[in-house]
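Chemist: this one's structure only:
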């Protein structure tokens, strides 16, 4: 039984993604049903609203699929780097609340930035830069760097 729970806590992020995906899928089904009811009702305004009800779920599905694919690709890259021993070591000091000390992350950042400048076509360098941005608390740049790593990763996998 403890193996089940340890595996459950180990995959907490995946369980969270699954729950959010299921909730979004339920929401999309309900919205699509309401959209259909409006589309089949009388009145131009109701039909226009029904059409909008179908467009919004399509955008939601697109965003969900895009984020899930981003997560899968990020996990593949992380697994490759882990196997190669190329993941950044998580040895930064932390606050009592568990957050990384920003000054320590900022101090390590130039090394990862220099690695990208030396090898701008390396997905591995961009992945590590993304981790450095994340450690420094810059989530927007971390995602951007990870997306760049993903773009460089795809052609590398096919060669």
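Modeler: Yep, it's here. What you are looking at is a predicted structure, and each value in this text was computed from that prediction instead of being measured.
Chemist: quick one: the helices in the chain?
Modeler: 2-10, 12-39, 44-84, 102-118, 123-135, 139-158 (DSSP state H).
Chemist: which among those is found nearest to residue 91?
Modeler: Nearest to residue 91 among the helices of the chain is helix 102-118; the distance by Cβ to Cβ comes to 9.3 Å. In this view, the C-beta of every residue, glycine as well, is placed from N, C-alpha and C.
Chemist: tell me how far the residue lying farthest from the centre of the chain lies from residue 34.
Modeler: Of all residues in the chain, residue 42 has its C-alpha farthest from the mean position, at 42.1 Å, by Cα atoms, centre = their mean. In this view, residue 42 and residue 34 are 16 Å apart by Cβ to Cβ, to the nearest Å.
Chemist: what separation do you get for the residue farthest from the centre of the chain and residue 31?
Modeler: Taking Cβ to Cβ, one finds residue 42 at 21 Å from residue 31.
Chemist: same question, residue 100
Modeler: From residue 100 over to residue 31 (counting by Cβ to Cβ), the distance is 39 Å.
Chemist: and residue 65, by the same measure?
Modeler: 17 Å.
Chemist: between these two, which one's more packed in?
Modeler: Neighbour totals were compared for residue 65 and residue 31, and residue 31 leads with 16 against 10 (other Cβ atoms under 10 Å).
Chemist: how near is the more buried one to residue 46?
Modeler: Residue 31 is 15 Å from residue 46, by Cβ to Cβ.
Chemist: same deal with residue 103?
Modeler: In terms of Cβ to Cβ, residue 103 sits 58 Å off from residue 46.
Chemist: neighbour count: those two, which is higher?
Modeler: In terms of neighbours (other Cβ under 10 Å), residue 46 is the more surrounded of residue 103 and residue 46; the figures are 14 against 10.
Chemist: per-residue confidence at that one?
Modeler: If you check residue 46, the pLDDT there is 92.
Chemist: my guess is it contacts residue 38. True?
Modeler: Yes: contact between residue 46 and residue 38 holds when scored by Cβ atoms under 8 Å: they sit 4.8 Å apart.
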